[in-house]
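Q: just coords:
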């Protein structure tokens, strides 16, 4: 089993109008450029921010808007172009031989969509999808259907869990991944109009230390947010932070403490018995 795995965390721009095919294609173009850059750096897995393809605005999507916020009218979204961009990203992942975690809106036939992260294998196939569970007030009231379950997948002997948006604020989700024996959790997070958000980085570091696992935090380019993309090691320290568009580092099995995980499991079993 490989002892290391090179990961790249992207820091991209976001667009808030999924009704505009030009903006969707611009986001797709940027994602593919970052994929190529990460592959050139030797990454086996590339992790993107929430909103990498589109960060739908509650104002733009409002059925009562733009002056009044109401239920989102998802018929306005250009679903065909969004799917074409996702398909193109998946194809490139296969051509480059890299795994890709790319957030996007997931359409449902008879309900509001999910806010999701797709897992694309190095063969260019979508092999998993995670749906954000802890939706904000705006998201749950006007925009999305919440997810219901954790999702894990494996790359080269490393097991990953996924978190999205405000999931990062809920320690119980990471405790759940601890019990599922993951080595790392990939957190995709985006916020606009609210900042600074340094507390999100604090949450990521604390979660990594509390559960002795790696945490990758992918965020957009936004100097006002107080956040940059990066990877936190199992001791709660930054292993790397982005200075430009990518943060690249090696995850290492040797730094993941099974002793801490076994201790937590024994203690929980004693308390619950």
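A: Cool, the structure landed. Computed from a predicted model, the values in this text were never measured in an experiment.

Q: C-alpha from now on. contacts and neighbour counts both.
A: OK.

Q: Give me the three-state assignment for residue 53.
A: coil (DSSP: H, G, I helix; E, B strand; the rest coil).

Q: On the three-state scheme, the residue nearest to it when sequence neighbours are not counted is what?
A: Spatial nearest neighbour of residue 53, excluding adjacent residues (Cα to Cα, 6 or more residues apart in numbering): residue 27 at 5.1 Å. Secondary structure assignment for residue 27 (three-state DSSP): helix.

Q: who touches residue 27 in this structure?
A: 13, 14, 15, 52, 53, 54 (Cα atoms under 8 Å, 6 or more residues apart in numbering).

Q: Let me know the closest of these to residue 265.
A: residue 52 (36.1 Å; Cα to Cα).

Q: ok, now which ones touch the closest one?
A: With Cα under 8 Å, 6+ apart, residue 52 has these contacts: 12, 13, 14, 27, 31, 102, 103, 104, 220.

Q: What is the neighbour count of residue 243?
A: If you count neighbours by other Cα atoms under 10 Å, residue 243 ends up with 11.

Q: where does it land in three-state SS?
A: For residue 243, the assignment made with three-state DSSP gives coil.

Q: Helices - which of the contacts of residue 52 land there?
A: 27, 31 (DSSP state H).

Q: Format the contacts of residue 52 as a markdown table; extra columns: pLDDT and distance to residue 3.
A: Shown next, in a markdown table, are the contacts of residue 52 (pLDDT from 0 to 100; distance: Cα to Cα, whole Å):
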| residue | pLDDT | distance to residue 3 |
| --- | --- | --- |
| 12 | 94 | 29 |
| 13 | 94 | 33 |
| 14 | 93 | 34 |
| 27 | 98 | 34 |
| 31 | 98 | 28 |
| 102 | 98 | 25 |
| 103 | 98 | 28 |
| 104 | 97 | 31 |
| 220 | 94 | 30 |
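
Q: Show me just the buried residues among the contacts of residue 52.
A: The neighbour count (16 or more other Cα atoms under 10 Å) marks 12, 13, 14, 27, 31, 102, 103, 104, 220 as buried among the contacts of residue 52.

Q: quick one: the strands in the stretch 101-250 of the chain?
A: 114-120, 126-131, 152-155, 158-164, 184-188, 214-218, 230-232, 238-241, 246-252 (DSSP state E, counting those that start in this stretch).

Q: Name every strand pairing with the first one and say which way it goes.
A: In this case it means strand 114-120. Paired neighbours of strand 114-120 in the sheet (DSSP bridges): strand 99-106 (antiparallel), strand 126-131 (antiparallel).

Q: again with the third one
A: Strands flanking strand 152-155 in the sheet, each with its direction: strand 158-164 (antiparallel) (DSSP bridges).

Q: what residue lies at the spatial centre of the protein?
A: residue 188 (2.7 Å; Cα atoms, centre = their mean).

Q: Surely it is in contact with residue 161?
A: No: Residue 188 lies out of contact with residue 161 (Cα atoms under 8 Å); the separation is 11.4 Å.

Q: if we can go back for a sec, deepest-packed of the strands paired with strand 114-120, please.
A: Greatest average neighbour count among those goes to strand 99-106 (a mean of 25), per mean count of other Cα atoms under 10 Å.

Q: any idea of the angle that strand forms with strand 184-188?
A: 40 degrees (axes from the mean of the first three to the mean of the last three Cα atoms, to 10 degrees).

Q: so where do the helices sit in the chain?
A: Using DSSP H, the helices of the chain run over 21-40, 58-61, 79-96, 137-138, 171-179, 198-211, 258-272.

Q: how about the first one: buried residues?
A: The one in question is helix 21-40. Buried, per 16+ other Cα under 10 Å, within helix 21-40: 21, 23-25, 27-29, 31-32, 34-39.

Q: do the same with the last one
A: The neighbour-count criterion (16+ other Cα under 10 Å) identifies 261, 264 as the buried residues of helix 258-272.

Q: From residue 165, how far off is residue 97?
A: 27 Å (Cα to Cα, to the nearest Å).
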